[in-house]
Structures are given as C-alpha cells and as structure tokens.
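1. need coordinates for the below:
(chains A and B)
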2 protein chains.
Amino acid sequence: MEQLARESEGLSISDRRDFLKKGMLAAGAMTATTFAGTAAASKNLPPMEPSWGRQLGAGVVDKPYGQPSAYEKEVVRRTVPWLTAESIASISMTPIQDLKGIITPNGLVFERYHAGVAQIKPEEHRLMIHGLVERPIIFTMEDLMRFPSVSEIKFIECPANGGMEWKGAQMEALQFTHGMLSCCEWTGVPLRVLLEEAGVKPEGKWILAEGADGSHMSRSIPLEKALDDTLVVYAQNGEMLRPEQGYPLRLLNPGWEGNTSIKWLRRLEVGDKPWYHREETSKYTDLMADGRARKFTFVQETNSVITNPCPENPIVKSGLIEIEGMAWSGRGKIKQVDISFDGGVSWVPANLKGLVLDKALTRFSLVTKWDGQPWLLQSRAIDETGYVQPTLGQLREARGTNSIYHKNSIHSWKVEANGGVKNVQIS
Amino acid sequence: MEQLARESEGLSISDRRDFLKKGMLAAGAMTATTFAGTAAASKNLPPMEPSWGRQLGAGVVDKPYGQPSAYEKEVVRRTVPWLTAESIASISMTPIQDLKGIITPNGLVFERYHAGVAQIKPEEHRLMIHGLVERPIIFTMEDLMRFPSVSEIKFIECPANGGMEWKGAQMEALQFTHGMLSCCEWTGVPLRVLLEEAGVKPEGKWILAEGADGSHMSRSIPLEKALDDTLVVYAQNGEMLRPEQGYPLRLLNPGWEGNTSIKWLRRLEVGDKPWYHREETSKYTDLMADGRARKFTFVQETNSVITNPCPENPIVKSGLIEIEGMAWSGRGKIKQVDISFDGGVSWVPANLKGLVLDKALTRFSLVTKWDGQPWLLQSRAIDETGYVQPTLGQLREARGTNSIYHKNSIHSWKVEANGGVKNVQIS
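-> All right, here's what the predicted structure looks like:
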C-alpha cells in the first residue's frame, strides 16, 4: 500500500482529479458526477432509494456454504472446443482477466483431466510409498493429516498455457491465452518428511508419482526436487482440495509443469531412473526444429501478462489508467517487470505491488495516461535468478515452432484508438 | 517450510517413526501398516482397485464454477439458535476447526447481518462522499475500479467473538467459541485516495460510513484511521465480494471491530464529531462493572486459540502430535505465541509458521508427544507492540462481566485421558 501511495504522490492532485473527471464526463450524465464542492451539491442524492434499501434480505440460515453473486455468473472457467473434443480429457481455463490480487478462488482454479474427475471417498483413499525404500508404507488420509503441516502460496500452470500461439494462432481473450494458470495457498506435508519415514535407498534417484483416477496419470520426478520443495497437499485456500484439484490428495511441485503435480495421488515409487511413461514421452515433451524432442522440461520459466487492459478489459475512458498484470517464475521470486508501449522498442519499469513470494503470482502496476493513442503493450518479467522473459522471436529461434509447451515469450496487446485490445504477435 | 524442517530435525528419526507407527497401530489392521522394508512387502497393494480407478469421471464442461467435494458437506458455516432468533439479524460462524493455512475460502467466511443480505445490482450501486469536503462526489463501481488497486491479506473479526463466555457460558465447539473470524485477501482502493479526491476540509475529523442494505448500518470512523489503512474493497480472495460480505462494495478497517467494515457501502459523510448512532451506543459498546460503558473500542486486541486439538478435533492416537493454532492482533504482526500444558503455570514457545503478516491470521505450531496424560492447553499471543494476551481473570478484573464484546483472553482446552477436548474456563 505504501508503494502505491508513493505512486499517487508522484502525480499532482489535478492529475489525479483528471483521472476521475475525464472518466465521468465520458460516461455521461446518468453514471457519475463530480460536484463543485458546495453544500447544496452534497444533498444531490439519487432520487429514489433502491429496492434493496427498502426491504429485508435473506437470513444466515439459507447459505451454509456461500456462493458468488448472481451478477457474477459470467466469471467462470471456460473450455475451448478446439483444444480437446473429450470433456473428460480436456481443460478449462481460469478467468484471469477478472482476478484481483494473487489468490485464485477455489471455484475458478483451472482444471485439466486425463480421465475426468475421480470421486474419491477420503476414508478409503491410500498413498503408498514403495520401491527403493527401506520401509514401504501405506498412509491413510488420517495418517497424513497428523503430520506437521505447511501452507504455501504457489502458482500452478499447465505447460500448454499459450501453446496454441507457437505457430501463430490468435486467441482473442486473455482467458484463452493465459488461463491455464492459478495460484492458491496449499497445505500439506513436505514430501521429504514422508520419504524420510520410508527411508530412500542410496540407489534411489527418481520417484514415480501416480494418480488414483481412471487414467492413473503418472510422471517421473527427480529425487532432488522431491527432497527440496515438493509437497503432498490436501487443502487449498483453507479448505480441503476441490474434487477437480485431486481431492483428497495431490502432489505439488512448486514452479514445475502442472501435470507433474499429480492429482488424486495414490502411489510414489522410488526408482533409479525415470519411467518414460506416456505423459513424459508422447506428451509433455517439446519437439524441436531438428526433429529431436526435449524431455523432462519441468520448470515453468519466467512469464508475465498484462491483465488490464486486455481483450476482455478494453479501455473505456480516456485519462489516467493503471496498467496492471501478473508475473510468475518457476525458479523463484519475480525481481522486476518492465512495460513497453511501443512493442518492445523502449521499456519503463513497473512497480511490484503486494506480496512478492517464491513461485507465486506477483502483481505489477504502472499508472499512466491514455488519450486515444495506439499502443503496442508488452510486459517483460525478470526473476531473481536474472532470467529475462524472451521475445517470441528469441523463443522460436531457440525452439522452432513444433512445440505445444513452454511458450513463455513476451506477450503483446494492441490497444486501438477506440480502446479495444487485440492479441498481436510481435517477434 | 525451512522452519518446519528444522523442527523435524530436532526429533530423532525413531521419534518421528514413532509418530507414524503408534498412530497406525492404534488404527487397526485395515487402515494402515508400516512394512518392514522388504521387496515383497512393496507389492502388498490393496486387493482391489477402487471404483474411481476403473471408470471415467465427469468432464470439465459440467462445472464452470467449482464446488467442494460431497464428502466435505459438514464443513459449513453454522448459526447458534440462542444468539439471535431472527436469521436476518443473526450471525453464522466459520468452521475454523477445519481451516488450514491463513486464507478463509469465500464460501466459509462468517456472516453477520442487521437486515439480511442485500441483493445489489452493481451497475446501479453508488458510493457518495459528502459532508465537510471541498468536492462532494458520487462514484459508480466502474469509477472505483479504475483507481489503482491494492490487495492485502487481513482478518475480520466480530467483537462479539467469544462473547458468550464473559459470564461463564461454555460453548463446546471451537466453531462457536471463535468462529466469528475469517481472513481473506481483500482488493480495493485506499480510502485516503478517495478522500483526497473529495478534499477533506480542515474541520473534518470523523467519517460516517453507511450501508445500502435495509438496516443502513452505520458507524463513525476517526479520520486518522481513514487516512491510515482503511480500504474500500470490492473483491475477496481474487473474485468480487460475496453478497453476504457486502457485494459489490464494503469498507475494510483492518484490525478493527468487523461491524465498522460497513458492508454494501453507499455513503461516507465527513463530519467534525462522531454521530453516536444506534450501533455505536446501544450496541458495540462495553458495559463496565461500575455501570459506565466504554465506547468506540475499535481495536480487536491480540488473541489466539488452539485449533488442534479442540472439541471438534480430539486426539485419536497416542504419540507425536502437532499442537496447532492461529493468533491475530488488530495492532499489527504477531511476534510470539507461547503454549501451556498446565493451565498457565509454565509456558513453552511455539513456532510461527508460514506468512506472518500485519493484522492477518498467523499460524503457530509445536510438535510434542501425548500418551494419555491430561492437559490444560492454552495459547498466549504477544504482538509486535508488546501487548500480551491477558488471562480471563485479568480481563474480568479490568472490565467486569457485563460486556458482550472484546473477550480476547487466553482460552483453555482440557484434554482428557481418552483424547477428548473440553472447553474450560481458567482465570
């Protein structure tokens, strides 16, 4: 808050009034008015008390578990029909154009299934740790929840986020260009604590994580990650996992491809090499220009996108505007975000606002003026390791255009004279 | 996480295995087993694949806005019939015994209404700032959402939390002793920014905040707070406010009595003195032993409670246990939490885990052993100002027993030989 206060102080009071007034003038007489500061004006109330001020509302007993307002029914996850024909193996995307702050509410966290949502009875669920361990173990949920817990705010992103754009497809909505992305407070047990219970043998170097759903989705995880920051989690944003997030138990590999954070987690097998299962060979590998494929590309590299304005949030009024967006890095904290108004020719540093956490969404912001001039808006994030988000040209130069995954290049919005925002590709 | 790792390292590996094994032995043969570490044992899978591993689940198109698992239907807000007969003027309490981490999911945030839930059309809602200002203003929601936003994680607590216990009533559930408490990431505009737009006149010292609901609930707020950290918020945990939290707009006075964070906010009037309206005279004042009443007791003083174990979470197994709870202070950050096992005779420092934020719930934790011995469990929080949570005796000594509000004394749980937990009052 202090940071924004300083930003505001950088603008004169007349600038800031301008922010308000121009908007109001443009909106017309019925929407809002800036009065001249007379006592008479202060009595200029709306002529009629709205209905909700003249009646009693529903009482507390009606809603033991609360729901959003009926007026927010358009703020929902959405699927795209061209992605996967089968709903049980498709993906729905978070409406990140509508999100505020860094927490994604549980009802809007993006979904990706390989065999639909498993409906698991928690008392019948088990997690087995076996393979190259001294003491194979089967845990109940009750066992796991007795361990000391940790709670951490981390993003999860599907590596296919933005993947339709590798070859130049134009998604005309932020929800579809970047919506395979969410950020929650996750609660569970560090995997290393559970592995210590089992006792990993010296030859154990990889772990196979497997889900209990019909697909038995599985991924090979290096032991080094498992002993670092991997969690076995049972809660998100304070409550138990949602079914589509793996209720009652999932893996969480912070900063890594979302598919490695196996949902409905039932089995962890320790081995001496990766398993090369389907979802790490035919899928979730990156086909390069020379015909070879990168494999085990776990880390979600530094990325960012401007959420205001965007196709769903056009500029509707001239004057001051807060350019806002989110940045994230699978390697750690965001250190800096720059904004370009001219398609990457020149850059202005944005402010990071609110919490800046390891492997979590981070908000950036820049207050400026718009008076109808065309913009080619871009954001470029830099993380604490010094990694700089690449241009689309740099990414295609390095990886070709065969890939589906790991498109983390600088994203471009074209702001038109009427305030509309288009998705454009700038190399 | 690093902190917990250190905790775990303080216990020997055999201690930690004991944590697991004792629990498993007590749970019986069907629930979980620690194997001896043979290759054969690692093949000892459950005999049958559960139904959810043999079929496809529902697909993504079914649930544009997600809901909790059907197996979590008991995790809901609850009302108590003896509190207020009218549901439209009653309160429902957060199931804090089930919460993890520090974020309360939006569906479980406690509710308190004075005329039920107003159902407000956001495009028709207005916020007026008037009174002792240079430029009275009426804002639309669109106007307000154009301002640079801030997002902050803050608790909100009703000052009546625990109020039934002033005179010795025994609530046999954590949800009813402390459930008028939640913590969310709130997004909105600092009130001082809006007040700068209106231009507060030199004689302006107080602000009346008024709701648009049928009760037109109102409170007088000192200008000093309004210029400090008060926010006008429209979102919680990433999405627009829930109707019962004031959709589309509420005040947020961090750390202060929840009722001052006026919901369905429609009017802010600047004056030179407080208004002494109903909800700051006949209600939300503290009747002292001498018959005088404290007024404008805004701050929610430092408080804490143990959430594991508690009446709803009895100890079901001997062995290692994580004593866990939450602490909070309306004056700033939590600095320290101590735990007593003998009703306050001796104290052991707990660990603060996860984020420690200003005026937010803070988690504390202590790993210890329980082998059937009776405990008189207490937690005592100290905030960064040095304020120490008082005993019940100290609080009654200072305030008498006439009050309903601001009962922040040290809370006591009696752990019985069978692991059951009772609410007891220790002075």
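
2. show me the shaky parts of chain A.
-> A:1-47, A:62 (pLDDT under 70).

3. domain ranges for it?
-> The record's domain parsing of chain A by automatic domain parsing lists A:78-284, A:303-424.

4. so which of the ones you listed gets nearest B:Gly420?
-> Comparing these by their distance to B:Gly420 (Cβ to Cβ), the top pick is domain A:78-284, with 17.0 Å. To be clear about C-beta, it is placed using only N, CA and C from the backbone, and glycine gets the same treatment.

5. now do the closest one: distance to the chain's middle.
-> In terms of Cα atoms, centre = their mean, to the nearest Å, the gap separating the centre of domain A:78-284 from the centre of its chain is 14 Å.

6. export the strand or helix carrying A:Ala226 to CSV, keeping only CA atoms.
-> Per DSSP states H and E, A:Ala226 falls inside helix A:223-228. Extracted in CSV, the C-alpha atoms of helix A:223-228 (Å, rounded to 0.1, in the frame of the first residue of the first chain):
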residue,chain,number,x,y,z
LEU,A,223,14.6,-37.1,-6.1
GLU,A,224,16.4,-33.8,-5.8
LYS,A,225,13.1,-31.9,-6.4
ALA,A,226,11.2,-34.3,-4.1
LEU,A,227,13.7,-33.6,-1.3
ASP,A,228,13.6,-29.8,-2.0
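
7. which is the next helix or strand following that helix?
-> As assigned by DSSP H and E, the chain's next helix or strand after helix A:223-228 is strand A:231-236.

8. each with direction, which strands does that following strand pair with?
-> strand A:181-190 (antiparallel), strand A:239-240 (antiparallel), strand A:250-252 (antiparallel) (DSSP bridges).

9. what's the shortest one in contact with?
-> Residues external to strand A:239-240 that are found in contact with it (Cβ atoms under 8 Å, 6 or more residues apart in numbering or on different chains): A:106, A:122, A:234, A:247-248, B:68-69, B:72, B:75, B:98-100, B:105, B:107-108.

10. try it again at 6 Å.
-> B:72, B:105 (Cβ atoms under 6 Å, 6 or more residues apart in numbering or on different chains).

11. go on, the last one?
-> For strand A:250-252, the surrounding residues in contact (Cβ under 6 Å, 6+ apart) are A:186, A:209, A:231, A:233, A:261-263, A:265.

12. the same query, at a cut-off of 8 Å, please.
-> Contacts with strand A:250-252, where a contact means Cβ under 8 Å, 6+ apart, come from A:154, A:156, A:186, A:188, A:191, A:209, A:221, A:230-233, A:241, A:260-265.

13. which parts of the helix holding A:Ala226 are buried?
-> A:223, A:225-226 (16 or more other Cβ atoms under 10 Å in any protein chain shown).

14. winner for burial among the domains of chain A?
-> Most buried of the domains of chain A, by mean neighbour count (mean count of other Cβ atoms under 10 Å in any protein chain shown): domain A:78-284, with a mean of 22.

15. quick one: terminal-to-terminal distance for that domain?
-> 22 Å (Cα to Cα, to the nearest Å).

16. near chain B, which residues of the stretch 251-400 of chain A? Just list them.
-> Counting by Cβ under 8 Å from any Cβ of the partner chain, the stretch 251-400 of chain A comes close to chain B at A:264, A:266, A:316-317, A:320-322, A:324, A:353-355, A:363, A:365, A:367.

17. for whichever strand or helix holds A:Ile221, which strands pair with it and how are they oriented?
-> A:Ile221 belongs to strand A:218-222 when assigned by DSSP H and E. Note on strand A:218-222: by DSSP bridges, its sheet partners are strand A:206-211 (antiparallel).

18. which residues touch the strand it pairs with?
-> Here strand A:206-211 makes contact (Cβ under 8 Å, 6+ apart) with A:118, A:131, A:216-223, A:226, A:246, A:251, A:260, A:262-275, A:277.

19. for the stretch 1-150 of chain A, what spans make up the helices?
-> Per DSSP state H, counting those that start in this stretch, the stretch 1-150 of chain A carries helices over the ranges A:2-9, A:13-27, A:141-146.

20. closest residue of the stretch 301-427 of chain A to chain B?
-> Of all residues in the stretch 301-427 of chain A, A:Glu322 sits closest to chain B, at 4.4 Å by Cβ to the nearest Cβ.

21. identify the residue spatially nearest to that residue, adjacent ones excluded.
-> Nearest non-adjacent residue to A:Glu322, counting by Cβ to Cβ, 6 or more residues apart in numbering or on different chains: B:Pro148, 4.4 Å away.

22. repeat that for A:Ala289.
-> Closest to A:Ala289 by Cβ to Cβ, 6+ apart is A:Gly400, at 2.9 Å.

23. contacts only, for that neighbour.
-> So A:Gly400 contacts A:287-290 (Cβ under 8 Å, 6+ apart).

24. now those residues in a markdown table, with secondary structure and neighbour count?
-> As requested, the contacts of A:Gly400 are arranged in a markdown table below (DSSP: H, G, I helix; E, B strand; the rest coil; neighbours: other Cβ atoms under 10 Å in any protein chain shown):
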| residue | secondary structure | neighbour count |
| --- | --- | --- |
| A:Leu287 | strand | 16 |
| A:Met288 | coil | 14 |
| A:Ala289 | coil | 13 |
| A:Asp290 | coil | 8 |
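
25. among the residues you listed, find me the one that's closest to chain B.
-> Taking the contacts of A:Gly400 together and measuring to chain B by Cβ to the nearest Cβ, the closest member is A:Leu287, at 25.8 Å.

26. got a list of what the closest one touches?
-> Listed by Cβ under 8 Å, 6+ apart, the contact set of A:Leu287 reads A:293, A:400, A:402-403.

27. try it again with 10 Å
-> Shown in contact with A:Leu287 (Cβ atoms under 10 Å, 6 or more residues apart in numbering or on different chains): A:293-294, A:399-405.

28. with A:Thr187 instead?
-> So A:Thr187 contacts A:145, A:149-152, A:231, A:233-241, A:252, B:99-103, B:354, B:363 (Cβ under 10 Å, 6+ apart).

29. do that again at 6 Å, thanks
-> Contacts of A:Thr187 by Cβ under 6 Å, 6+ apart are A:149, A:151, A:235, B:100-101.

30. check the gap between it and A:Ala235 for me.
-> 4 Å (Cβ to Cβ, to the nearest Å).
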